[in-house]
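Colleague: can't give you the sequence, but here's the structure:
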């Protein structure tokens, strides 16, 4: 598999799995405005997935489509980071996961705008505008709930402590990242650590939340080693295409 | 049209097949006018050309190529818009056409036609240039004393605002 294809799967699987996770809130959110906001965020992420996995399918050249990549691969073939497959938990945990991801996603996409691969650059340019909007919202809500009531503060701190060990994987490089970086296709993941730290520290401070001291990071999702959570996501997300292959409307 | 067929007077008789082909190749401005009659599926007071998502119209070797850019990458209206364009072209007798997607330059609210902004205001939906100062005035009473209720609204391209003077709630194009 080419490193470019691997990169597109990693990028598209992140948006696919997070988009699906966020869409699970549809009809269950605490207030109507948030229900709409979560559904809209999920929609942006799924739209970006169509672009990333569409390009992956084109580059693979094996006659597969973005839909087939999304609905007919098994867990070990998925390349998303572990953070995005974490369960939704309570509303605070969903928002904290979104914030930790958005704070990485925006500088990642902004760096990709100068990718040596023009098809990657143009998707990144489009997606970065949507993701800037996501980060604005998730930062705002982490601050409001972190610096909110005693209960909302406790829940946000618990969410941060729970998710923290899953965030670091986004910024750990492997040999595929090194090859992509050498070709000028994608930034060195470690280079995204500084802008991520800057955003996270500023928001956590305003939210009166305590940044966990350990930088231990679970890893493996980007290499296809997932937690059991992904299997449950796929069981639901892929049901229709597995039960009725090639179903269409 | 083929160059040899369009040379001066001493020409061979016109090639009928070329002429038939050319009568079925209306110029870009005519096609743009057709597309200008297709309402946006979500905001019917403005058309696809007003919205600024039709990026190019050109004939390539007898095939009409219409290039469309999405507003949001996940906009659910995209497939409906493509179907409407296809139907309109077929209704006008265009048999060979192709719709292409173009991502760059990315769509922003700056692409909305200025004249359409006024119709949007009358319809109670506001938009402003992405580069404009962040003052949002009420489409009903014109007051700048407004607030954002939610960053998102009834479709992916809109946010939900309200006027603090007349209390009118209104949709507002997200500025991305």
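Modeller: Now that the structure is in, tell me what you want to look at. Model, not experiment: these values are computed from the prediction.
Colleague: how far away is the residue in chain A sticking out farthest from the centre from residue A:69?
Modeller: The C-alpha centroid of chain A is most remote from residue A:150, which lies 29.0 Å away (C-alpha atoms, centre = their mean). According to C-beta to C-beta, to the nearest Å, residue A:150 and residue A:69 sit 45 Å apart. C-beta here means a position set from N, CA and C on the backbone, and glycine is covered the same way.
Colleague: closest residue of chain B to chain A?
Modeller: The minimum distance from chain B to chain A, using C-beta to the nearest C-beta, falls at residue B:74 (2.3 Å).
Colleague: these two touch, right, that residue and residue A:46?
Modeller: Yes - counting by C-beta atoms under 8 Å, residue B:74 touches residue A:46, with 5.2 Å between them.
Colleague: compare those two (neighbour count), which wins?
Modeller: Remark: of residue B:74 and residue A:46, residue B:74 carries more neighbours, 23 against 20, as counted by other C-beta atoms under 10 Å in any protein chain shown.
Colleague: grab the nearest non-local neighbour of that one.
Modeller: residue A:47 (2.3 Å; C-beta to C-beta, 6 or more residues apart in numbering or on different chains).
Colleague: quick one: name whatever helix or strand follows the helix or strand encompassing that neighbour.
Modeller: Using DSSP states H and E, residue A:47 falls within helix A:32-60. With elements assigned by DSSP H and E, the helix or strand that comes after helix A:32-60 is helix A:66-71.
Colleague: how far is that next one from where the chain is centred?
Modeller: When distances are taken as C-alpha atoms, centre = their mean, to the nearest Å, helix A:66-71 is centred 17 Å away from the chain's centroid.
Colleague: repeat that for stretch A:239-249.
Modeller: 25 Å.
Colleague: residues of chain B that sit close to chain A?
Modeller: Residues of chain B lying near chain A by C-beta under 8 Å from any C-beta of the partner chain: B:70, B:72-76, B:103-104, B:106, B:108, B:149-154, B:156, B:160, B:174, B:176.
Colleague: apply 7 Å and report the result again.
Modeller: Neighbours of chain A within chain B, by C-beta under 7 Å from any C-beta of the partner chain: B:72-75, B:103-104, B:106, B:149-152, B:156, B:160, B:174, B:176.
Colleague: report the buried members of those.
Modeller: B:72-75, B:103, B:106, B:150-152, B:156, B:160, B:174, B:176 (16 or more other C-beta atoms under 10 Å in any protein chain shown).
Colleague: nearest to residue A:25, of the residues you listed?
Modeller: residue B:152 (12.8 Å; C-beta to C-beta).
Colleague: now do the SS call for the closest one.
Modeller: coil (DSSP: H, G, I helix; E, B strand; the rest coil).
Colleague: got the phi and psi for it?
Modeller: Reported as degrees, to the nearest 10, the phi and psi values for residue B:152 are phi -120, psi 160.
Colleague: isn't it up against residue A:40?
Modeller: Yes - with contacts counted by C-beta atoms under 7 Å, residue B:152 reaches residue A:40, the gap being 4.3 Å.
Colleague: just put the buried ones among the residues of chain B next to chain A in a markdown table and tack on secondary structure and pLDDT.
Modeller: As requested, these are arranged in a markdown table below (DSSP: H, G, I helix; E, B strand; the rest coil; pLDDT from 0 to 100):
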| residue | secondary structure | pLDDT |
| --- | --- | --- |
| B:72 | coil | 86 |
| B:73 | coil | 85 |
| B:74 | coil | 85 |
| B:75 | coil | 84 |
| B:103 | coil | 91 |
| B:106 | coil | 87 |
| B:150 | strand | 88 |
| B:151 | coil | 87 |
| B:152 | coil | 89 |
| B:156 | coil | 80 |
| B:160 | strand | 88 |
| B:174 | coil | 78 |
| B:176 | coil | 67 |
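Colleague: and which of those residues is nearest to residue B:116?
Modeller: For these, the nearest to residue B:116 is residue B:174 (16.5 Å; C-beta to C-beta).
Colleague: burial check on the residue lying closest to the closest one once chain neighbours are set aside, number of neighbours?
Modeller: Computed as C-beta to C-beta, 6+ apart, the closest residue to residue B:174 that is not its neighbour in sequence is residue B:159, at 5.1 Å. Residue B:159 sits with 22 neighbouring residues when counted by other C-beta under 10 Å.
Colleague: would you confirm that residue B:159 belongs to a strand?
Modeller: Yes - under three-state DSSP, residue B:159 sits within a strand.
Colleague: okay, it: pLDDT?
Modeller: On the pLDDT scale, residue B:159 is placed at 87.
Colleague: any buried residues in the top helix by length along chain B, and which?
Modeller: Counting by DSSP state H, the longest helix found in chain B is helix B:78-91. Neighbour-count burial for helix B:78-91, with 16+ other C-beta under 10 Å as criterion, is recorded at B:78, B:81, B:84-85, B:88-89.
Colleague: buried residues of stretch B:102-113, list them for me.
Modeller: B:103, B:106-109, B:111-112.
Colleague: among these, which lie within strands?
Modeller: Among those, no member is found in strands (DSSP state E).
Colleague: where do the strands sit along chain A?
Modeller: Under DSSP E, chain A gives no strands.
Colleague: from residue A:173, how far off is residue A:165?
Modeller: 18 Å.
Colleague: around chain B, pick out the residues from chain A.
Modeller: So far as C-beta under 7 Å from any C-beta goes, chain A lies against chain B at A:33, A:36-37, A:40, A:43-44, A:46-48, A:51, A:122-123, A:125-127, A:129-130, A:133, A:137.
Colleague: what's the neighbour count on residue A:211?
Modeller: 11.
Colleague: who touches it in this structure?
Modeller: Counting by C-beta atoms under 7 Å, 6 or more residues apart in numbering or on different chains, residue A:211 makes contact with A:201, A:204.
Colleague: distance check, it against residue A:202.
Modeller: 11 Å.
Colleague: do residue A:21 as well
Modeller: For residue A:21 relative to residue A:202 (C-beta to C-beta), the value is 26 Å.
Colleague: these two: who's more crowded?
Modeller: Neighbour count, other C-beta under 10 Å: between residue A:21 and residue A:202, residue A:21 has more, with 22 against 13.
Colleague: quick check: closest non-adjacent residue to that one.
Modeller: Nearest residue to residue A:21, sequence neighbours excluded (C-beta to C-beta, 6+ apart): residue A:88, at 6.1 Å.
Colleague: okay, the one you found: pLDDT?
Modeller: For residue A:88, the pLDDT comes out at 97.
Colleague: could you report the neighbour count for it?
Modeller: With other C-beta under 10 Å as criterion, residue A:88 counts 14.
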